[in-house]
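Peer 1: Sharing a model prediction with you, sequence too.
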Amino acid sequence: MRRAILLQIDEITAKKVRILKEFSLKATSEFNTLWVERDFCNTFMDFHRKTFAKSKKKTGFNVQVYASLERAVWRSKSKSKGITVKFNVPRNCKTFDMTMPFIELGIYPRNRIAIPIKKNRNFQRYSDLLKSGWICKTYGLTSRLEIVAYLSKDEVELPLKKNVLGVDVNSKCFAVSVISPEGKVLHQDYFGKGIWVKRKKIFERKSVLQSYADTGSDYAKKALRRLKRNEHNFVKNRIGEVVKDITDMALQYDADIAIENLKRFSSKGKRFNREVMRIPFFTFKKNLIQRCFDKNITLNIVDAWHTSKFCSHCGAVGKGHDSSNYTLFRCKKCGVEVNSDRQASLNVAIKSLLGRRVTTNHNTLQISNRRVPVNGLVRPDAVVEPIVAVRHISSTYGKPTGFSRG
């Protein structure tokens, strides 16, 4: 697991500010120069052999600094107006703490500069992570003269918890279901309903401001930028709150968490994108992975095949949502009618429970009167053997679970 924390620089002399700015501008200029030369190379080693010797001598950067620039250029898709230069510990960067914390960066050979770090909330978070076992082997200097601490911690395989909490992410909210190994529903709930309501109002306001901005109104353009920034901050904060609530519920019910392996969709127009992206799944997934790691909760990502079409009551696979009511799931085989979002979250949890059979010696869940074979719950191209039940696409912590047997 890796994460980055932004640390602010405390008050420094004008000379140090000038040196750091000149170094950052020089690194950005070299980055853009290398990006142009990269187009004529087929492999990274060809690119390295072509540029390293002459450019290293021309810029005068430390070998490690220049090598990190090369790797960043090779991964980049375009030029940059400002880059983050990385320094490795202990070869090119050191940390020490006297009356205040300092980070010493080797910007040029035999030329190091000590930078004081401001003791704020970010620094306190950084210190707490170091005390809890995280390791920082790389620091970065941004174009805004801020320090980025890149931390890492080894992932460990966690024991299975008793129950499973399934999460279904849709365009309006997060539906969750907690079930026991026997398939008994312990709790069902919704989170994040306010995100969709708030963003709907923001979209309406955006359309009005955009119409004025198209006429050349400077006020509308500024208001539009401010509204986009406020929307980003609102969604980020609410997603964090939802993730905290879900992980707290998982601890309360002694449950592992399971989510779908949703893939990015191709663009089908502004209206469709606006409807689907009201709940940013990939932002939620990223935050959930980090929070589960901090709280020692196993997160399983299961195949999304038939999660909205499979009836957990009788085992039949139908068309999913009711034609007259999108929020309703109606099974044509047994006649059960339930909320479609709750049904999908329950199916995600069921798939995760079925997947436990590969790591346990006993059956955990029985689906009575099923009208679909258990291997019908995975995509056809994912089925390797007739007895395959559910495929866990990946296991966030520990070893991948691979294919689960029914």
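Peer 2: The structure has been received and is ready for your questions.
Peer 1: mind listing the strands for the stretch 101-250 of the chain?
Peer 2: Applying DSSP state E, counting those that start in this stretch to the stretch 101-250 of the chain gives strands spanning 101-108, 111-116, 135-141, 147-152, 163-169, 174-179, 185-191.
Peer 1: In the stretch 151-300 of the chain, mark out all the helices, start to finish.
Peer 2: Along the stretch 151-300 of the chain, the segments classed as helices by DSSP state H, counting those that start in this stretch run 193-213, 218-252, 270-276, 281-294.
Peer 1: Only the buried residues of the longest one, if you could.
Peer 2: Residues of helix 218-252 classed as buried: 220, 223-224, 231, 235, 238-239, 242-243, 246-247, 249-250 (neighbour count, 16 or more other Cβ atoms under 10 Å). Yep, even glycine has a C-beta here, placed from its N, CA and C like the rest.
Peer 1: Tally up the residues packed near the closest residue in space to residue 106 that isn't next to it in sequence, please.
Peer 2: Excluding the flanking residues, the one nearest residue 106 by Cβ to Cβ, 6 or more residues apart in numbering is residue 92, at 4.2 Å. Neighbourhood size, residue 92 [other Cβ atoms under 10 Å]: 22.
Peer 1: who's in contact with residue 92?
Peer 2: Taking Cβ atoms under 8 Å, 6 or more residues apart in numbering, we find residue 92 in contact with 62, 64-65, 105-106.
Peer 1: make it 7 Å
Peer 2: Shown in contact with residue 92 (Cβ atoms under 7 Å, 6 or more residues apart in numbering): 62, 64-65, 106.
Peer 1: what's the answer for residue 120, then?
Peer 2: So residue 120 contacts residue 8 (Cβ under 7 Å, 6+ apart).
Peer 1: how far away is it from residue 10?
Peer 2: As judged by Cβ to Cβ, to the nearest Å, residue 120 and residue 10 stand 10 Å apart.
Peer 1: now residue 117
Peer 2: Residue 117 is 6 Å from residue 10, by Cβ to Cβ.
Peer 1: same question, residue 312
Peer 2: 57 Å.
Peer 1: does residue 243 really touch residue 291, like I thought?
Peer 2: Yes - judged on Cβ atoms under 7 Å, residue 243 makes contact with residue 291 at a distance of 5.0 Å.
Peer 1: got any ranges where the protein has weak pLDDT?
Peer 2: Counting by pLDDT under 70, the ranges of the chain that qualify are 98, 263-279, 318-326, 357-406.
Peer 1: and if we set it to 80?
Peer 2: For the chain, residues meeting the criterion pLDDT under 80 lie at 54, 56-57, 97-99, 155-157, 170-172, 183, 196, 262-281, 303-337, 354-406.
Peer 1: domain parsing for it?
Peer 2: 2-152, 163-195+236-405 (automatic domain parsing).
Peer 1: Point out the most buried one among those.
Peer 2: A comparison of these by mean neighbour count, using mean count of other Cβ atoms under 10 Å, puts domain 163-195+236-405 on top with a mean of 18.
Peer 1: The strands of the stretch 101-250 of the chain: which one's closest to residue 280?
Peer 2: Taking Cβ to Cβ, strand 163-169 is the member of those nearest to residue 280, at 9.2 Å.
Peer 1: That closest one pairs with which strands, parallel or anti?
Peer 2: strand 174-179 (antiparallel), strand 255-260 (parallel) (DSSP bridges).
Peer 1: Show the contacting residues for residue 313.
Peer 2: With Cβ under 7 Å, 6+ apart, residue 313 has these contacts: 331, 334, 336.
Peer 1: Look up phi and psi at it.
Peer 2: Reported as degrees, to the nearest 10, the phi and psi values for residue 313 are phi -80, psi -50.
Peer 1: closest to residue 113 out of the helices of the stretch 151-300 of the chain?
Peer 2: By Cβ to Cβ (comparing all of these), the closest turns out to be helix 281-294, at 31.9 Å.
Peer 1: Tell me which residues are up against that closest one.
Peer 2: 1, 3, 169, 239-240, 243-244, 247, 257, 259, 262, 299, 396-397.
Peer 1: what's near enough to touch residue 59?
Peer 2: 26, 30, 66.
Peer 1: same deal with residue 38?
Peer 2: Residue 38 neighbours (Cβ under 7 Å, 6+ apart): 47, 73-74.
Peer 1: now those residues in TSV, with distance to residue 174 and secondary structure?
Peer 2: Listed next are the contacts of residue 38 as TSV, based on distance: Cβ to Cβ, whole Å; DSSP: H, G, I helix; E, B strand; the rest coil:
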residue	distance to residue 174	secondary structure
47	44	helix
73	39	helix
74	38	helix
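Peer 1: can the residues you listed go into JSON lines with extra columns for distance to residue 22?
Peer 2: JSON lines is the format used below for the contacts of residue 38 (distance: Cβ to Cβ, whole Å):
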{"residue": "47", "distance to residue 22": "26"}
{"residue": "73", "distance to residue 22": "20"}
{"residue": "74", "distance to residue 22": "25"}
